[in-house]
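Undergrad: below is the structure, and that's it, no one-letter string:
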């Protein structure tokens, strides 16, 4: 949804990074970004792009789902490292259709198995 922040859990990132004994600079280096970006993510000033989430989770030694809040379709897509465009293309629908599903429109039965395979249930 345009203008809506991803369901990212900044506190979980901080906890995972600390538990792994990593500095922000080490995480940033692993991702090839500036350490300020990691700081901003931990402070909630910004959030990682969906495509960055799997690598970020790997860098701090957790599953991507641990860095995401909730179990909504949107949260599961984000945890899978997918944009709406990526998810829609993978399932064979338009991005606006996928967006409607994330807004609460029921997923048609013919698409439900593909969505389940893509982002889980």
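TA: All right, it came through fine. It should be emphasised that the depicted structure is a prediction, and the values quoted were computed from it without experimental measurement. Residues are numbered from 1 along each chain as shown.

Undergrad: switch to C-alpha atoms for all contacts and neighbour counts from now on
TA: Fine.

Undergrad: now the helices: where do they sit in the chain?
TA: In order along the chain, the chain carries the following helices (DSSP state H): 10-19, 24-31, 35-43, 53-60, 73-79, 84-91, 95-102, 112-119.

Undergrad: looking at those, which is nearest to residue 67?
TA: Of all the helices of the chain, helix 10-19 sits nearest to residue 67, with 5.6 Å by Cα to Cα.

Undergrad: so for that closest one, what gets flagged as buried?
TA: By neighbour count on 16 or more other Cα atoms under 10 Å, the buried set for helix 10-19 is 10, 12, 13, 14, 16, 17.

Undergrad: again, but for stretch 58-77
TA: Buried residues in stretch 58-77, counting neighbours by 16+ other Cα under 10 Å, are found at 59-60, 62-65, 67-69, 73-77.

Undergrad: just give me how far that stretch sits from the chain centre.
TA: Chain-centre distance of stretch 58-77: 6 Å, with Cα atoms, centre = their mean, to the nearest Å.

Undergrad: same check, this time on stretch 114-121
TA: 15 Å.

Undergrad: repeat for stretch 100-111
TA: In terms of Cα atoms, centre = their mean, the gap separating the centre of stretch 100-111 from the centre of its chain is 19 Å.
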